[in-house]
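# following is a predicted model, sequence given first.
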Amino acid sequence: MAKKPPIDHTRNIGIMAHIDAGKTTLTERVLFYTGISHRIGEVHEGTAQMDWMPQEQERGITITSAATACNWRDCRINIIDTPGHVDFTMEVERSLRVLDGAIAVFDGVAGVEPQSETVWRQANKYHVPRLAFVNKLDRTGADFERCVKMIVDRLGARPVRMQLPYGLESEHKGVVDLLRNKLIIWNDNTLGAEFSISEVPPEMANEVAAAREELVEAAADFDESLMELYLEGGAVSEEQISAAIRKGTISCELVPVLCGSAFKNKGVQPVLDAVVDYLPSPVDLPAIKGIHPHTGNDVERLPSDKEPFAALAFKIQNDSFAGQLTYIRVYSGTIESGKRAQNVGKKKKERLNKLLKMHANKREELSSISAGDIAAVVGLKFTSTGDTLTAEGQELLLESIEAPEPVISIAIEPRTAADQDKLATALDRLAFEDPTFVVKTDEDTGQTLIRGMGELHLEIVVDRLKREFNIEANVGEPRVAFRETVTSEATAVGTFDKQMGATSHKATVPLKVRPGKRGDGIVVVNEAGNSGIPAECIESIEESVRGALESGVLAGYPVVDIEVTILKELQHLVDSTELAYKIAASIALRDALRDAKPVLLEPIMEVQVVVPEEFLGDVVGDLNRRQGKINGMENSGIAQIVEVNVPLRQMFGYTTDLRTLTQGRATHTMQFSHFNAVPKEIATAILG
């Protein structure tokens, strides 16, 4: 195995974008030009190395984030290729949580699309520095400047053009490098591995000069000496500009923009150069912060091999050969294969039986891993997504990873009684792997319900049951994952008084419920204080409240966006016990929910439809019939873009209906937006 480069020569990056913007196509070229692969895999042929799952190869989309690594110049680049479909947005979330930088890929025709906005917000959440690559400039309707403007308008970012395209659509031949004032044209005969560098064409001289002036101005904002030189009209070197752009990028205040066509093998090597030049190494970022599990004090770990070992588990994957793989990002320290680590949150010791460097679904065994590494571990029994692993006696808890709530469910059952136990085991394994996949049993019917982020998500789960676990299953029609909430304030008192054996259990719990803000979930407020009331009893009440809210009073759906207050009248008697408090709290909560005018909530989806002009009327009419609320329409040059909010219950089977309406020429994307109250007449029908 090649010698590991120093940590400041390491880049941990992700490639993120809307579906079909060209992420995996770009990654395949990166692997080819860095010598990892000797032929270019294509998504549409099912030969892309990073799309290794059969489901990915058949559908031509990325479903699970895949890790790989390559070398460019003197740097080691660890890459995670993430999905672009909204149903698998958790894969993006947990990848961005552990990455130091990202390449955002945009379709040069469509520009900033809905999932582009989603992944951009996820990157903002974790303060991940980004490059932008405007792809597909060889396609009809490509518009580089429009895409750059959309990055400003829709993402609120500050893009700085590092390149200009040399030709668009069928005339796209290369790019002009604004930093070096050179034209780069790729050789089609060598699949883009070779390229020529020449002077800027005279017809582009004025445009290039103006764009380079903007580049220098943007760089000057991040370097005072460069600013002085620029204002005095002095000569500014490429190195000064590059260093200032790097500073602005790492601070997330600038987004360098490059361009090309990955499919036509144009523009990929400059992207790799930009990763090395502008995106941070682990040592360029602040020390990772965590909390001491016992004292609650803040703890920092520097990205150094000399610090105690600390890592975050960000992905679980079932592997047919190695068993369960746990992907971890090492933030500090070093650990060897076969050694033990502490799972801080679970308070369990884990043995790292094998350490693996992954290349999609291929693996290479490692003897040790250290700060800055991303690797897979074999042998962890208790660790799940978001858990912290540390050296024993050197514990800290890192920020975990939050999973979005599933919005759709289906009933599932095995086709044969013999598969009943196998199905339960397989579903548990899949749920452990994917935090957005939830398995529940309906208490009334005894049916097994599986919940996920969309129809495709659950379709993939059922397909994996068949392929990976050899289980044939029958599934019901998709059902909406409704929620419940309250619309007014109500107070109730729950009383429990019962003799159980020799022990008397007594408690009276007063609770108040009122509506919370949309999206806040469940908030529990303790007004009773701890005076005279044991802390464990207060904890029991809170635990009981949260447990009871998993099933509302209308139809048993989880209750959200609610504030529950434990009132100060709460008292502690001689016979008060934790069990009594739990039961009394549950009684009080159910009574309060009934009096607080509960309502049913449904998921509202944000839908974007790209439709040719001649079908616009039919598509809009159909969306209106689906109770859609049109938010806006935009002309993209070759089609109309319709943005609309529609209840999820109206969108089942929409893909097929849209194809029928538009002769297969329209496309759409859909993602969860928010929960909203179900109209009264619909709620009555749903509740029977």
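Alright, I've got the coordinates.
# for the protein, which helix is longest?
Looking across the chain with DSSP state H, the single longest helix is helix 578-595.
# helices or strands up against it?
strand 490-500, strand 503-515, helix 535-548 (3 or more CB pairs under 8 Å, 6 or more residues apart in numbering; DSSP states H and E). (Glycine included, C-beta is placed from N, CA and C.)
# so which of those comes closest to residue 156?
strand 503-515 (30.5 Å; CB to CB).
# let's see the closest one as PDB, backbone CA atoms only.
The C-alpha coordinates for strand 503-515 follow below in PDB (Å, rounded to 0.1, in the frame of the first residue of the first chain):
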ATOM      1  CA  THR A 503     -46.600  -1.500  47.700                       C
ATOM      2  CA  SER A 504     -49.000   1.400  47.400                       C
ATOM      3  CA  HIS A 505     -48.600   3.500  44.200                       C
ATOM      4  CA  LYS A 506     -50.000   7.000  44.300                       C
ATOM      5  CA  ALA A 507     -49.500  10.100  42.100                       C
ATOM      6  CA  THR A 508     -51.400  13.100  40.800                       C
ATOM      7  CA  VAL A 509     -49.900  14.800  37.800                       C
ATOM      8  CA  PRO A 510     -51.300  18.100  36.400                       C
ATOM      9  CA  LEU A 511     -50.300  18.800  32.700                       C
ATOM     10  CA  LYS A 512     -51.000  21.600  30.300                       C
ATOM     11  CA  VAL A 513     -50.800  21.200  26.500                       C
ATOM     12  CA  ARG A 514     -50.800  23.900  23.900                       C
ATOM     13  CA  PRO A 515     -49.800  24.200  20.200                       C
END
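# rewinding a little: can you redo the helices and strands packed on helix 578-595 as a markdown table with distance to residue 19, mean pLDDT and mean neighbour count?
Output for the helices and strands packed on helix 578-595, formatted as a markdown table (distance: least, CB to CB, whole Å; pLDDT from 0 to 100; neighbours: other CB atoms under 10 Å):
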| stretch | distance to residue 19 | mean pLDDT | mean neighbour count |
| --- | --- | --- | --- |
| strand 490-500 | 45 | 90 | 16 |
| strand 503-515 | 36 | 90 | 21 |
| helix 535-548 | 36 | 90 | 18 |
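# circling back: so after the longest helix of the chain, what's the next helix or strand?
As assigned by DSSP states H and E, the chain's next helix or strand after helix 578-595 is strand 598-611.
# packing partners for that next one?
strand 483-486, helix 616-625, strand 640-647, strand 667-677, helix 680-687.
# which helices and strands does the helix or strand following the second one pack with?
Yep, that's helix 616-625 we're talking about. Counting by DSSP H and E, the element after helix 616-625 in chain order, helix or strand, is strand 629-635. Judged by 3+ CB pairs under 8 Å, 6+ apart, strand 629-635 is in contact with helix 616-625, strand 640-647.
# out of the ones you listed, which comes closest to residue 682?
When those are ranked by proximity to residue 682 (CB to CB), strand 640-647 comes first, at 8.4 Å.
# the residue nearest to the spatial centre of the chain: what's its closest spatial neighbour, skipping adjacent residues?
Centroid check for the chain by CA atoms, centre = their mean gives residue 93 as the closest residue, at 2.3 Å. Excluding its sequence neighbours, the residue lying closest to residue 93 (CB to CB, 6 or more residues apart in numbering) is residue 122, at 5.6 Å.
# what about the one you found, how many neighbours?
Per other CB atoms under 10 Å, the neighbour tally for residue 122 reads 21.
# and the gap between it and residue 152?
For residue 122, the distance to residue 152 equals 19 Å [CB to CB, to the nearest Å].
# Three-state assignment for the residue nearest to residue 93, please.
helix (DSSP: H, G, I helix; E, B strand; the rest coil).
# my guess is it meets residue 94, correct?
No - look at residue 122 against residue 94 with CB atoms under 8 Å: they stay out of range, at 9.8 Å.
# and the gap between the residue nearest to residue 93 and residue 364?
For residue 122, the distance to residue 364 - CB to CB - is 29 Å.
# ok so, going back, list the contacts of the longest helix of the chain.
486, 490-498, 505-513, 536-537, 540-541, 543-545, 547-549, 552-553, 559, 564 (CB atoms under 8 Å, 6 or more residues apart in numbering).
# give the rounded mean pLDDT of it.
The pLDDT scores in helix 578-595 average 93.
# so which bits of it are buried?
For helix 578-595, a neighbour-count test (16 or more other CB atoms under 10 Å) marks 578-593 as buried.
# can you give me the helices in the stretch 301-450 of the chain?
Applying DSSP state H, counting those that start in this stretch to the stretch 301-450 of the chain gives helices spanning 420-433.
# flag the shaky bits of it, pLDDT-wise.
For the stretch 301-450 of the chain, the stretches flagged by pLDDT under 70 are 443-445.
# deepest of the helices and strands packed on strand 598-611, which one?
Highest mean neighbour count among the helices and strands packed on strand 598-611 (mean count of other CB atoms under 10 Å): strand 483-486, with a mean of 23.
# show me what the helix or strand residue 661 falls within is packed up against.
Using DSSP H and E, residue 661 maps to helix 654-662. For helix 654-662, the packing partners by 3+ CB pairs under 8 Å, 6+ apart come out as helix 616-625, strand 667-677.
# and with 6 Å instead?
In terms of contacts (3 or more CB pairs under 6 Å, 6 or more residues apart in numbering; DSSP states H and E), helix 654-662 is not packed against any helix or strand.
# Three-state assignment for the residue nearest to the centre of the chain, please.
helix.
# I'd like to know how far the residue lying closest to residue 25 once chain neighbours are set aside sits from residue 298.
Excluding its sequence neighbours, the residue lying closest to residue 25 (CB to CB, 6+ apart) is residue 262, at 4.6 Å. As judged by CB to CB, residue 262 and residue 298 stand 42 Å apart.
# the two: which is more packed in?
Each of residue 262 and residue 298 has its neighbours counted (other CB under 10 Å); residue 262 has more, 26 against 10.
# about what we covered before: out of the helices and strands packed on helix 578-595, nearest to residue 207?
That would be strand 503-515 among the helices and strands packed on helix 578-595, by CB to CB, at 55.8 Å.
# so what sits opposite the residue lying closest to residue 152 once chain neighbours are set aside in the bridge?
Excluding the flanking residues, the one nearest residue 152 by CB to CB, 6+ apart is residue 159, at 6.5 Å. Taking DSSP bridges as the rule, residue 159 bridges to residue 255.
# my guess is residue 159 contacts residue 151. True?
Yes - counting by CB atoms under 6 Å, residue 159 does reach residue 151; the two are 4.6 Å apart.
# one step back: could you redo the helices and strands packed on strand 598-611 as TSV and give each row distance to residue 136?
TSV is the format used below for the helices and strands packed on strand 598-611 (distance: least, CB to CB, whole Å):
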stretch	distance to residue 136
strand 483-486	39
helix 616-625	24
strand 640-647	17
strand 667-677	15
helix 680-687	41
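# now render those as a markdown table, adding distance to residue 383 and mean pLDDT.
Output for the helices and strands packed on strand 598-611, formatted as a markdown table (distance: least, CB to CB, whole Å; pLDDT from 0 to 100):
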| stretch | distance to residue 383 | mean pLDDT |
| --- | --- | --- |
| strand 483-486 | 30 | 93 |
| helix 616-625 | 45 | 94 |
| strand 640-647 | 38 | 92 |
| strand 667-677 | 28 | 84 |
| helix 680-687 | 40 | 85 |
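# which stretch among the ones you listed comes nearest residue 8?
Closest to residue 8 of the helices and strands packed on strand 598-611, according to CB to CB: strand 667-677, at 37.6 Å.
# so what strands line up beside the closest one?
Assessed with DSSP bridges, strand 667-677 is paired to strand 598-611 (antiparallel).
# export the strand it pairs with to CSV, keeping only CA atoms.
Once non-C-alpha atoms are left out, strand 598-611 reads as follows in CSV (Å, rounded to 0.1, in the frame of the first residue of the first chain):
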residue,chain,number,x,y,z
PRO,A,598,-56.7,17.8,18.1
VAL,A,599,-56.4,17.8,14.3
LEU,A,600,-54.8,15.6,11.7
LEU,A,601,-51.7,16.8,9.9
GLU,A,602,-50.5,15.6,6.5
PRO,A,603,-47.2,16.0,4.7
ILE,A,604,-47.2,18.6,2.0
MET,A,605,-44.7,18.0,-0.8
GLU,A,606,-42.7,20.6,-2.7
VAL,A,607,-43.0,19.6,-6.4
GLN,A,608,-41.2,21.0,-9.4
VAL,A,609,-42.4,20.0,-12.9
VAL,A,610,-40.3,20.8,-16.0
VAL,A,611,-42.8,20.7,-18.9
